[in-house]
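J.: sequence unknown, structure follows:
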């Protein structure tokens, strides 16, 4: 997930833009300060240690949007840290306006805002900046509402929900690039569902006019991400069951889907001698309430006599994830299987079901931490 910060630009920050540097004479910094208490204190705690290997320089592609709602300008720059100073900096050569819009950054001024979205898990691997100008009619309402988050600080870490709230309060146009920068949690949940063929997520993406349009690339990335998250969730459950086995809480288990990718369940657990349970892992990096998808093969298997449960991994991240375990879903599966068999015309089949977690009963929330090894 993106890590987002907002910087209130100082005069020295503005000198990264060549025209401003030559106009205001605010020193020779030629970079934007990235406050250490935010960048390494909150967003990337391991950056300082990891960047030692690259002599405290992290090159990355940079996409700049704005000011005044302008589209993307792509560059390559780097994040650096001088051993003498506490803070990191977005540095490199001067930034000038792109061809055809050479005066684009000429009126950037102290007090303008830079929304920064960092991509990458351990260190930043990509950065997007949206410049929000206090003097632009297109940006002014958004600037005012974002500024209210700061207090007396110069740089803050924010959530996508906070920026979305500011967007909604500012009556920002759907075409404004702030909608590209911020991964709205509701949009991400809808995209996750749509990528798996869910009608609810697809419908929400089509109906919500404040979200940007979904490109083929967006959908392909969402599908790949859903697959990766699913595999990651299975790995986390494997660690969880290994711990249960070491504590004699279960007799044995087998990670079935690691050997057979088309298996209608992921794990087979022997909870006690000759007592078996099939487990299907359903993972999301969003909240517990996100839609769960069950294939018809999983439904048919769960409709059998063997105990069948769902392990719901949610809010998964680098450290671990939250887990809730369903009660047996066999009765629900039999109902869905019966509907599928008796209400579908010959030649038509349902491939999967979209199910809200509220339709099932769940055990308490647990936290599963990734093991060191």
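T.: On my side now, so go ahead. Just so you know, these numbers come straight off a predicted model, no measurement behind them. Residues are numbered from 1 along each chain as shown.
J.: show me where pLDDT drops low in the stretch 251-373 of the chain?
T.: 373 (pLDDT under 70).
J.: And the helices in it, which stretches?
T.: Using DSSP state H, counting those that start in this stretch, the helices found in the stretch 251-373 of the chain span residues 296-302, 330-343.
J.: Kindly report the same for the stretch 51-200 of the chain.
T.: Going by DSSP H, counting those that start in this stretch, the stretch 51-200 of the chain shows helices at 140-147, 160-170, 178-181, 185-195, 199-207.
J.: can you put the helices of the stretch 251-373 of the chain in JSON lines and add distance to residue 250?
T.: The way it works is simple: take the backbone N, C-alpha and C, and place the C-beta from them, glycine included. Listed next are the helices of the stretch 251-373 of the chain as JSON lines, based on distance: least, CB to CB, whole Å:
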{"stretch": "helix 296-302", "distance to residue 250": "20"}
{"stretch": "helix 330-343", "distance to residue 250": "20"}
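J.: deepest of the ones you listed, which one?
T.: Of all the helices of the stretch 251-373 of the chain, helix 296-302 carries the top mean neighbour count, a mean of 20, counting by mean count of other CB atoms under 10 Å.
J.: before we move on, back to that, just name the most buried of the helices of the stretch 51-200 of the chain.
T.: Mean neighbour counts for these (mean count of other CB under 10 Å) peak at helix 185-195, with a mean of 22.
J.: what packs against that one?
T.: helix 160-170, helix 199-207, helix 216-246 (3 or more CB pairs under 8 Å, 6 or more residues apart in numbering; DSSP states H and E).
J.: ok, and for the last one, which residues are buried?
T.: Buried residues in helix 216-246, counted by 16 or more other CB atoms under 10 Å: 218, 222-223, 226, 229-230, 232-238, 240-241.
J.: and of those residues, the nearest to residue 174?
T.: The closest of those to residue 174 turns out to be residue 218 (CB to CB; 15.5 Å).
J.: Run through the residues that contact the nearest residue to the closest one once chain neighbours are set aside.
T.: Among residues not flanking residue 218 along the chain, residue 191 sits closest, at 6.8 Å (CB to CB, 6 or more residues apart in numbering). Residues in contact with residue 191 (CB atoms under 8 Å, 6 or more residues apart in numbering) are 201, 205, 214, 218, 219, 222.
J.: Contacts only, for the residue nearest to residue 126 when sequence neighbours are not counted.
T.: Of all residues not flanking residue 126 in the chain, residue 119 sits nearest, at 4.1 Å (CB to CB, 6+ apart). Contacts were defined as CB under 8 Å, 6+ apart; by that measure residue 119 touches 2, 125, 126, 127, 128.
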